[in-house]
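# Can you look at this prediction? I've put the sequence above it.
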Amino acid sequence: MELVILGASGFIGSAITAEALSRGHQVIAVVSRPERLEPKAGLTVVGLDINDTAALTALLRGKDVVISAFSGHAQQDVKGYYVKAFQSVFTAASTAKVGRLLVVGGAATLTLPDGSRLLDSPDFPAEYRATAEGAAEVLQQLRSQSTLSWSFLSPAADIFPGEKTGSFRLGLDALLTDSQGNSRISNGDYAVAMLNEAEQPQHSNQRFCVAY
């Protein structure tokens with residue numbers, strides 16, 4: 001399978017790229033700084049600004065699966081950048097008629113036992129709010145359209161650098177926690193869950209989540 005991964009050099013994007021290559025897929029890695037990625041078999045690195053909608057549309061034309069893993073963490077206006085850039089991705093993917101768009105989402109819109117969102121908790125970390133609010137808008141946009149086939153994968157509340165174990169749980173809109181109340185997943189296992197969905201769709205036009 002040929003996969004296009006947007007933001008392939010980031011914390012989650014790099015894990016997804018590594019997992020895709022380990023499974024023998026051909027990967028087109030779209031990054032703003034191509035020098036960050038080392039040449040590897042099966043990997044084509046493309047330096048492109050995802051806000052260049054025309055160039056992105058040309059790149060995505062005819063592609064079956066696109067994984068959006070970019071973030072706006074390095075930008076001054078994190079939420080503004082993320083929402084604008086995703087609009088470019090959505091427009092390009094729609095115009096190019098890609099088969100499926102898989103989106104790396106956040107955990108903040110997952111619901112707690114009382115039905116409230118994690119984002120609305122009084123102790124939600126302020127440093128993550130802009131990213132979380134941007135991801136919430138993107139999820140709403142995906143849910144309100146019928147142009148693209150999509151899936152949106154939310155991680156656990158704590159996603160950390162780590163190897164894959166292949167042992168985790170999947171859910172839908174509710175935050176998953178373990179017996180101690182912790183909600184955790186490694187970026188390695190997050191990548192496994194995303195590639196599983198790319199290979200064998202189980203959550204078309206849905207948000208789903210992953211945690212130990």
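Cool, the structure landed. Residues are numbered from 1 along each chain as shown.

# gap between the residue most central in space within the chain and E127?
With distances taken as Cα atoms, centre = their mean, the chain has V104 as the residue nearest its mean C-alpha position (1.2 Å). Look at V104 and E127: by Cβ to Cβ, to the nearest Å, they are 18 Å apart. The C-beta positions use only the backbone N, C-alpha and C, and glycine is treated the same way.

# Against A174, how distant is the residue lying closest to the residue nearest to the centre of the chain once chain neighbours are set aside?
Leaving out its chain neighbours, the residue that sits closest to V104 by Cβ to Cβ, 6 or more residues apart in numbering is A69, at 4.4 Å. Between A69 and A174 the distance, using Cβ to Cβ, works out to 23 Å.

# Which one's more surrounded, those two?
A69 (25 against 12; other Cβ atoms under 10 Å).

# mind checking the SS state of E133?
Classification of E133 by DSSP: H, G, I helix; E, B strand; the rest coil places it in helix.

# so it makes contact with D120?
No: judged on Cβ atoms under 8 Å, E133 makes no contact with D120 at a distance of 10.9 Å.

# These two: which has the busier surroundings?
For E133 versus D120, neighbours defined as other Cβ under 10 Å are more numerous around E133 (18 against 11).

# I'd like to know how far that one sits from I12.
The gap separating E133 from I12 is 18 Å, by Cβ to Cβ.

# do the same with I185
Applying Cβ to Cβ to I185 and I12 gives a distance of 11 Å.

# In the protein, where is pLDDT below threshold?
Within the chain, the ranges that satisfy pLDDT under 70 run 73-74.

# Would you state the helices of it in chain order?
Defined through DSSP state H, the helices belonging to the chain, from first to last, are 11-22, 53-60, 78-96, 129-143, 187-199.

# Please identify which of the ones you listed is closest to I28.
When the helices of the chain are compared for distance to I28 using Cβ to Cβ, the nearest one is helix 53-60, at 7.4 Å.

# name the helices or strands packed onto that closest one?
Contacts of helix 53-60 with other secondary structure elements, assessed using 3 or more Cβ pairs under 8 Å, 6 or more residues apart in numbering; DSSP states H and E, are made with strand 26-31, helix 78-96.

# From the chain's centroid, how far away is the shortest one?
Right, strand 26-31. Here the centre of mass of C-alpha atoms in strand 26-31, compared against the chain's by Cα atoms, centre = their mean, to the nearest Å, lies 14 Å away.

# List the neighbouring strands of it plus their orientation.
Each strand that pairs with strand 26-31, with its direction, by DSSP bridges: strand 2-6 (parallel), strand 43-47 (parallel).

# quick one: buried residues of the last one?
Pointing back at strand 43-47 there. Applying a neighbour-count criterion of 16 or more other Cβ atoms under 10 Å, one finds L43, V45, V46 buried in strand 43-47.

# what's the closest of these to E197?
If you rank these by distance to E197 using Cβ to Cβ, L43 comes first, at 20.7 Å.

# Was I right to think that closest one contacts L37?
Yes: using Cβ under 8 Å, L43 is in contact with L37, at 7.1 Å.

# which neighbours do the two share?
T17, A29 (Cβ atoms under 8 Å, 6 or more residues apart in numbering).
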